[in-house]
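*Asks:* structure for this input, please:
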Amino acid sequence: QVQLVESGGGLVQAGGSLRLSCAASGLTLNNYVMGWFRQAPGKEREFVAAINRGGSNTWYADAVKGRFTVSRDNAKNTVYLQMNSLKPEDTAVYYCAAVSSVSVLRIRGPQNYDYWGQGTQVTVSS
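*Replies:* Next up, the predicted model:
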């Protein structure tokens, strides 16, 4: 069965950095577009970043553009989210998600992804 397992979350001070990893099993990662989403308490799940199958194209939410970088290593079946200059408003549970095919117009919609990880908590203190 397909499993996505996030790791790398934790507590960090504002201005710090974290790198999240998403390890995939049960699927061949290079056949999937991968996305990162986050959900803060009392808020809806929101798009953070996405990367196409080959890693040549990336998309970011305006709130994280210039601070976060999504990348992938298909040989390791792993996707990463490097988060720099973290702010308290970045505090959330972060999820990775996979979809075999999605248009650019729909890439930011969580409802368009087929597989999800369990999430990893990121807490940024001020």
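
*Asks:* in what helix or strand does the most centrally placed residue in the chain lie?
*Replies:* Among the residues of the chain, the one closest to the centroid is W36, at 2.1 Å (Cα atoms, centre = their mean). Using DSSP states H and E, W36 sits in strand 33-39.

*Asks:* what mean pLDDT does the next helix or strand after that strand have?
*Replies:* Next in sequence after strand 33-39, counting helices and strands by DSSP H and E, comes strand 46-51. For strand 46-51, mean pLDDT is 98.

*Asks:* the strand holding W36: partners in the sheet, and parallel or antiparallel?
*Replies:* strand 46-51 (antiparallel), strand 92-99 (antiparallel) (DSSP bridges).

*Asks:* got those as CSV, with distance to Y32 and mean neighbour count columns?
*Replies:* The C-beta positions use only the backbone N, C-alpha and C, and glycine is treated the same way. Output for these, formatted as CSV (distance: least, Cβ to Cβ, whole Å; neighbours: other Cβ atoms under 10 Å):
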stretch, distance to Y32, mean neighbour count
strand 46-51, 10, 22
strand 92-99, 4, 22
